[in-house]
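*Asks:* got a sequence here, can you model it:
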Amino acid sequence: MKKVILFDLYDTVLKDVSFDFSKGIKYLYDNFFGEKCSLTDIIDYAETFLPLYDRRKIDYSEVCLIRDEVPHFFDKFDVLKPEVLDELEYAIMNHMQNVTLLEDVRYTLNELQKLDIKMYILSNSIFTGSATRRLLSDFGILHYFEKVFSSADYKVRKPSKEFYQLAITEILSVNHGVEKDEILYVGNDYITDVIGATSVGLKTVWYNVNHLPNQKRLNIFEIDSFRQLLSITQQ
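*Replies:* Next comes the predicted model:
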């Protein structure tokens, strides 16, 4: 029986509906920069950060929007920056992304908790773990998770072995008696989740709702319904 489950977040625990980076930039403009510059000025400046995003595809580094970009907007256009950026980050997050929670997922998380399985999130995101925890809280599911590991906080992203390993190390350090082979990883993306997790030796479940081919014929579990996790955890 598995004692710990490490979940991917987007399109796994939460279903992506849409993502529009420009809506977050417009929110930033409307609330802080309208008297200092034009929306085109803000959009053009945002594009100067594109190399940060391109680099991620090569070295699996991560961008933290609230740390690596937003403060520069205030400096660039000579606008007083809020002393605390948490509220601004969460507002930008909710303008950029639209996600939902399937009831099948909520039911399964509740049943897994009854089995005393410890659950964690390992997410690729430009938003911090703090913002992500607030998002999970808004959906009423934060209490199911022991910790959220967001790539924005660690400057590294999946499928990097480093990101997986730091989560594994911490999980084992706080769950005494748990062995690595008692950790199950669940994710939807074949490259970042399946290949990434198996590369560090984790038992892996591919949440494959589109029934894509297992191109490398990896030894993994495949599910298209979250409830199927309940039987897998007993193995």
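*Asks:* give the residue farthest from the middle of this protein.
*Replies:* Most distant residue from the mean C-alpha position of the chain: E35, 34.4 Å away (CA atoms, centre = their mean).
*Asks:* which residue, other than its chain neighbours, is closest to the residue sitting nearest the centre point of the chain?
*Replies:* Nearest to the mean C-alpha position of the chain, by CA atoms, centre = their mean, lies S123 at 2.5 Å. Excluding its sequence neighbours, the residue lying closest to S123 (CB to CB, 6 or more residues apart in numbering) is L9, at 3.8 Å. C-beta coordinates here come from the backbone N, C-alpha and C atoms, glycine included.
*Asks:* what's the answer for Y207, then?
*Replies:* In space, Y207 is closest to N188, 4.5 Å off (CB to CB, 6+ apart).
*Asks:* just checking, that neighbour touches N208?
*Replies:* Yes: between N188 and N208 there is a contact at 7.2 Å, judged by CB atoms under 8 Å.
*Asks:* these two: which has the busier surroundings?
*Replies:* N188 (23 against 19; other CB atoms under 10 Å).
*Asks:* now for that one: which residues touch it?
*Replies:* N188 sits next to D8, D11, T12, W206, Y207, N208, V209 when contact means CB atoms under 8 Å, 6 or more residues apart in numbering.
*Asks:* again with F49
*Replies:* Contacts for F49 (CB under 8 Å, 6+ apart) come out as V63, D68, E69.
*Asks:* in terms of secondary structure, what does the longest helix along the chain contact?
*Replies:* Under DSSP state H, the helix in the chain containing the largest number of residues is helix 161-174. Where contact means 3 or more CB pairs under 8 Å, 6 or more residues apart in numbering; DSSP states H and E, helix 161-174 is packed against strand 4-7, strand 118-123, strand 145-150, helix 151-154, helix 196-199.
*Asks:* just the CA atoms from the last one would do, formatted as PDB, please.
*Replies:* What follows is helix 196-199, C-alpha atoms only, in PDB (Å, rounded to 0.1, in the frame of the first residue of the first chain):
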ATOM      1  CA  GLY A 196      10.400  13.200 -15.000                       C
ATOM      2  CA  ALA A 197       9.000  11.100 -12.100                       C
ATOM      3  CA  THR A 198      10.200   7.700 -13.500                       C
ATOM      4  CA  SER A 199      13.700   9.200 -14.000                       C
END
